[in-house]
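Asks: starting from these lines, generate the structure:
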Amino acid sequence: MLILYILLGLIAAVLIAAALAGTALSYEKSILINASLEKVWSNVRTLHAINEWNPWMGKDPNMRAQYSGTDGTPGASFSWDSPVKDVGAGSQTILTIADRSEVATRVDFLRPFKSIGFADFKVSQGNTGTRVSWSIRSKMPYPVNIVKLFGGIERNMNRDFGKGLNKLKAICEA
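Replies: Coordinates of the predicted model:
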């Protein structure tokens, strides 16, 4: 009977921790690029351009990809489908564009988990180069959100966003 109480106590502790962790998820990373705003913007303003440095595109060279709409305008979208777990399936749609400064998108993940996120790419001219910030906002279902407490999501996002932004930097500075 004591083991049952201990087990129930552990389950309760996990559920309480998940409730306290919250379901909101957000991450942002930026990089300074030694290139003109125009050059950087040309590599951020369309889904085709973003996918040249998107870190997940290289994980499956056989990924099925499809574009629709007029790329670089609101409503344009890109969908992907891959059996590779880290890639999965989903779509990304441009919601708004502020010329030479921001692309706001909605990302609908279908696999490996179903969720909706909002990814933004902001470009700004600085004194020593052009800064690009890439952010994502989403929600995680309860009680799966407990994984936020272990930092794995942030480590993975930092790795993948860093890889993508560094590739963007290399493209723009070439």
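Asks: residue nearest the centroid of this structure?
Replies: residue 136 (5.1 Å; Cα atoms, centre = their mean).
Asks: give me the phi and psi for residue 32.
Replies: Dihedral angles of residue 32 (phi, psi; degrees, to the nearest 10) stand at phi -100, psi 130.
Asks: measure residue 57 to residue 160 for me?
Replies: 11 Å (Cβ to Cβ, to the nearest Å). Using the backbone N, CA and C atoms, a C-beta is placed for each residue, glycine as well.
Asks: could you look up the SS state of the spatially closest residue to residue 57 that is not a sequence neighbour?
Replies: The shortest distance from residue 57 to any non-neighbouring residue, by Cβ to Cβ, 6 or more residues apart in numbering, is to residue 51 (5.3 Å). Residue 51 falls in the helix class when you classify it by DSSP: H, G, I helix; E, B strand; the rest coil.
Asks: likewise the one 4 residues further on?
Replies: Following three-state DSSP, the label given to residue 55 is coil.
Asks: looking at it, it is touching residue 156, isn't it?
Replies: No - between residue 55 and residue 156 there is no contact under Cβ atoms under 8 Å: 10.6 Å.
Asks: give me the more crowded residue out of the two.
Replies: Legend: neighbour count by other Cβ atoms under 10 Å for residue 55 and residue 156, higher for residue 55 (16 against 12).
Asks: look up phi and psi at the more buried one.
Replies: Residue torsions, per degrees, to the nearest 10, at residue 55 are phi -70, psi -20.
Asks: next, find the distance separating the residue nearest to residue 57 from residue 99.
Replies: 21 Å.
Asks: who has more neighbours, those two?
Replies: Using other Cβ under 10 Å as the criterion, residue 51 and residue 99 rank with residue 51 on top: 15 against 7.
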